[in-house]
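> Starting from these lines, generate the structure:
(one chain, ligands or ions: 1)
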Amino acid sequence: MLDSVELRKKYLEFFKSKGHAVIPSASLIPENDPTVLFTTAGMQPLVPYLLGQKHPAGKRLTDVQKCIRTGDIDDVGDDTHCTFFEMLGNWSLGDYFKNESIAWSYEFLTSVLGILAEKLAVTVFEGDADCPRDEFSAKRWREMGISPDRIFYLPKANNWWIAGQTGPCGEDTEIFIVDESKPGNSPADDGGRFVEIWNNVFMHFYKHPDGSLTELKQKNVDTGMGLERTLAMLNGYKSVYETDVLKPVADYLRSLTEVKDAAAERAVRIITDHTRTATFILGDPRGVSPSNVDRGYILRRLIRRAVRYARLLGLGADVLTVCADKYIGIYGDFYTELKDNRERIMTELDAETQKFDKTLQQGLKEFEKLLGYIKDNRISGKAAFRLYDTYGFPPEMTVELSAEHGVSVDMEGFERAFNEHQLKSKAGAEQKFKGGLADSGEQTTRLHTATHLLMEALRRELKDPTIMQKGSNITPERLRLDFNFPRPLTAEEIAAVENAVNAVIAAKVDVTCEEMTPEAAHAAGAVGVFGDRYGEIVKVYTIGDYSKEICGGPHAANTSELGKFRIVKEQSSSAGVRRIKAVLE
Ligand code: SER
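Now for the predicted structure:
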């Protein structure tokens, strides 16, 4: 029997013995990347270093990273999907490559974890016009003792890894444990025979918005192993809910209610999963509170969904705080931030559950009534908006409830009702704050749009498409933009960038906004470092044919509103990152 504490320890110690520096998990809330809501992989906080910036801890790193992926939220309740998970990872930043990476993965699995070589299978990239067949990795696996019939060559769809649509990427080799009792011929089949536990990505390309690939300055290795899944496999558990990190909470819920069917077990798992994710978001050093936008909204959805499932099981909403308390106990020694932020976790979780619990029952009654008089098995956008506005039902929950009754929801109608409401309250707010506040709001809006123009001008004038926003801060007086670039800009370059921005302003170009999935945004060529490929809707702001960027807004409607753009300062921000301050006059 191996538990989570031992697995983390064994992993980090093993890679430490191979010269890796152990670094702490980064925040769940990305610091340098406004385009993703949460950290979804161990490599995400390391992107600047994969692109060549020097990491203070060296070229070999290892960690256990907290991750959130909400794209699969509908699958939560099955044996393997979780919205929060821990990823064990090791990295080479331009140091070792395939040879060592494969040998160490093999050594860790067989010698440290004691998995028999016969239980393993691997996949390697079969090759295409972009990148040759990965014979090197296949050969290395054979040398390790993996039998040739357990080495599968698969295409890009399986053996190529990138976070989102653009960014560092490359072929990978994935490692599976074979479950002989299950059907399947190859890891590409979904018979359950091959359970993926580890992914070694050989990141040596950069994918640009136009789809083209260029070689990175350095060859990197990025590996990721799912902690919960590996624990389940090693211990022969059927589901991740039997592992020591989840079982105490699932068992606690089971002890309160009779789990009489699969639906009840699913409800138990959903509460177990969602309260864990909520605990980690609230307990993060950069933690956020439940709200109606972005991360706060995801948090709110998770908490409210858990409350609803608790009620379905006949449990009080207060079970959520008991679950959170258990998680602080389970994880607090490794993720000490949970202990430090205990007060905040408990207070916020309690407030949000109470708030929703008050309106949930009434909202459900309203929903039942609705079912009685809907037309064409469809709930109107207005009705869905009323459930949202009056009873706090996240629209996703209304969709889920409706689906349980074989009913659909007019989501476009919901959006329309939502936007009308926003406009009305915005008009109200503008009335109220006429003068000072509204004015400064307009100025920051203009500076926000100017920041997009500046980003694009930098990429174009410095002829470096890898330039990305590393940070942004806007006050009514000025904008401040941090971006990756290895050296100071020359006076000529600064002038060229200013001129380029002013040319777009002079051209009086319209600024438009569309909402779409991150995939569609990147396919449309929108800038955004490494979009969350796991769902959520992003806003894409387009400025004529000059700039297309994923952003929350708000923005000016036309560049003619901006005035004259001037760079007031260009300086170093941190290693490999420059900072520009600019004004509109
Ligand atoms: N980035 C890869 C993944 O998420 C390996 O760490 O699977």
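> Can you give me the neighbour number for Gly94?
By other Cβ atoms under 10 Å, 17 other residues sit near Gly94. C-beta here means a position set from N, CA and C on the backbone, and glycine is covered the same way.
> Would you agree it is in contact with Met203?
No. Between Gly94 and Met203 there is no contact, the gap being 10.1 Å when judged by Cβ atoms under 8 Å.
> Now do the shared contacts for the two.
Counting by Cβ atoms under 8 Å, 6 or more residues apart in numbering, the residues touching both Gly94 and Met203 are 219-220.
> Please report how far whichever residue of the stretch 351-500 of the chain sits closest to the ligand lies from Phe485.
The stretch 351-500 of the chain approaches the ligand most closely through Met468 (18.0 Å), counting by Cβ to the nearest ligand atom. Remark: distance between Met468 and Phe485 (Cβ to Cβ, to the nearest Å) = 10 Å.
> again with Asn220
Distance of Asn220 to Phe485, given as Cβ to Cβ: 20 Å.
> Show me which of these two is the more surrounded one.
Neighbours per residue (other Cβ under 10 Å) separate Asn220 from Phe485, with Asn220 holding more: 26 against 22.
> Past the helix-or-strand element of the chain with minimal mean pLDDT, which element shows up next along the chain?
Using mean pLDDT, DSSP states H and E, helix 411-432 stands out as the lowest-scoring helix or strand of the chain, at a mean of 70. Going down the chain from helix 411-432, the next helix or strand is helix 436-461, by DSSP states H and E.
> so for that next one, what's the average pLDDT?
Taken as a whole, helix 436-461 has an average pLDDT of 78.
> Taking their axis directions, the next helix-or-strand element following it and helix 436-461 sit at what angle?
Counting by DSSP H and E, the next helix or strand C-terminal to helix 436-461 is strand 469-474. Relative orientation of strand 469-474 versus helix 436-461 (axes from the mean of the first three to the mean of the last three Cα atoms, to 10 degrees): 150 degrees.
> Direction included, what does strand 469-474 pair against?
Each strand paired with strand 469-474, and its direction, by DSSP bridges: strand 479-484 (antiparallel).
> May I see the buried residues of the partner strand?
Judged by neighbour count using 16 or more other Cβ atoms under 10 Å, the buried positions of strand 479-484 are 479-484.
> Where does the closest residue to the ligand within the chain sit: helix, strand or coil?
Relative to the ligand, the nearest point of the chain is Gly224 (2.4 Å; Cβ to the nearest ligand atom). Per DSSP: H, G, I helix; E, B strand; the rest coil, the local secondary structure of Gly224 is strand.
> That one: neighbour count?
Using other Cβ under 10 Å, Gly224 has 21 neighbouring residues.
> wait, what's in contact with it?
Counting by Cβ under 8 Å, 6+ apart, Gly224 touches 41-43, 87-89, 198-199, 201.
> can you list those residues in JSON lines and add distance to Trp141 and secondary structure?
As requested, the contacts of Gly224 are exported to JSON lines (distance: Cβ to Cβ, whole Å; DSSP: H, G, I helix; E, B strand; the rest coil):
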{"residue": "Ala41", "distance to Trp141": "23", "secondary structure": "coil"}
{"residue": "Gly42", "distance to Trp141": "23", "secondary structure": "coil"}
{"residue": "Met43", "distance to Trp141": "22", "secondary structure": "coil"}
{"residue": "Met87", "distance to Trp141": "22", "secondary structure": "strand"}
{"residue": "Leu88", "distance to Trp141": "20", "secondary structure": "strand"}
{"residue": "Gly89", "distance to Trp141": "20", "secondary structure": "strand"}
{"residue": "Trp198", "distance to Trp141": "13", "secondary structure": "strand"}
{"residue": "Asn199", "distance to Trp141": "14", "secondary structure": "strand"}
{"residue": "Val201", "distance to Trp141": "16", "secondary structure": "strand"}
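> those strands in the stretch 301-450 of the chain, which residues are they?
378-379, 408-409 (DSSP state E, counting those that start in this stretch).
> Out of those, the one nearest Ala232 is which?
strand 408-409 (35.2 Å; Cβ to Cβ).
> tell me what the lengthiest helix in the chain is packed against?
Counting residues, the longest helix found in the chain (DSSP state H) is helix 342-373. Applying 3 or more Cβ pairs under 8 Å, 6 or more residues apart in numbering; DSSP states H and E, one finds that helix 342-373 makes contact with helix 262-283, helix 294-312, helix 319-331, helix 381-391.
> would you list these in JSON lines and tack on distance to the ligand?
Listed next are the helices and strands packed on helix 342-373 as JSON lines, based on distance: least, Cβ to the nearest ligand atom, whole Å:
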{"stretch": "helix 262-283", "distance to the ligand": "18"}
{"stretch": "helix 294-312", "distance to the ligand": "19"}
{"stretch": "helix 319-331", "distance to the ligand": "21"}
{"stretch": "helix 381-391", "distance to the ligand": "34"}
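> Relative to Asp210, which of these is closest?
Judging the helices and strands packed on helix 342-373 by Cβ to Cβ, what sits closest to Asp210 is helix 294-312, at 28.3 Å.
> got the angle for that closest one vs helix 342-373?
Using the same axes, to 10 degrees: helix 294-312 against helix 342-373 is 70 degrees.
> got a list of contacts for helix 294-312?
Helix 294-312 has contacts (Cβ under 8 Å, 6+ apart) with 29, 37-38, 70, 83, 267, 270-271, 274-275, 277-278, 281-282, 288-292, 316-317, 319-320, 349, 352-353, 356-357, 360-361, 392-394, 396-397, 400, 536, 552.
> what comes up buried for it?
Buried residues in helix 294-312 (16+ other Cβ under 10 Å): 295, 297-312.
> Would you mind getting the angle between that helix and helix 262-283?
Using the same axes, to 10 degrees: helix 294-312 against helix 262-283 is 140 degrees.
> what about helix 294-312, average pLDDT?
For helix 294-312, the mean per-residue pLDDT is 94.
> so where's the stretch 451-585 of the chain shaky on pLDDT?
Regions of the stretch 451-585 of the chain meeting the criterion pLDDT under 70 cover residues 476, 529-537, 552-553.
> Thr110 reaches Glu118, doesn't it?
No. Between Thr110 and Glu118 there is no contact under Cβ under 8 Å: 10.2 Å.
> Look up how far Met203 lies from the residue nearest to Gly58 when sequence neighbours are not counted.
Nearest residue to Gly58, sequence neighbours excluded (Cβ to Cβ, 6 or more residues apart in numbering): Ala21, at 5.2 Å. Separation of Ala21 from Met203 (Cβ to Cβ): 19 Å.
> Ok, Tyr49 next?
11 Å.
> May I ask which helix or strand encompasses His568?
In this structure residue 568 is Val, not His. Using DSSP H and E, Val568 sits in strand 565-574.
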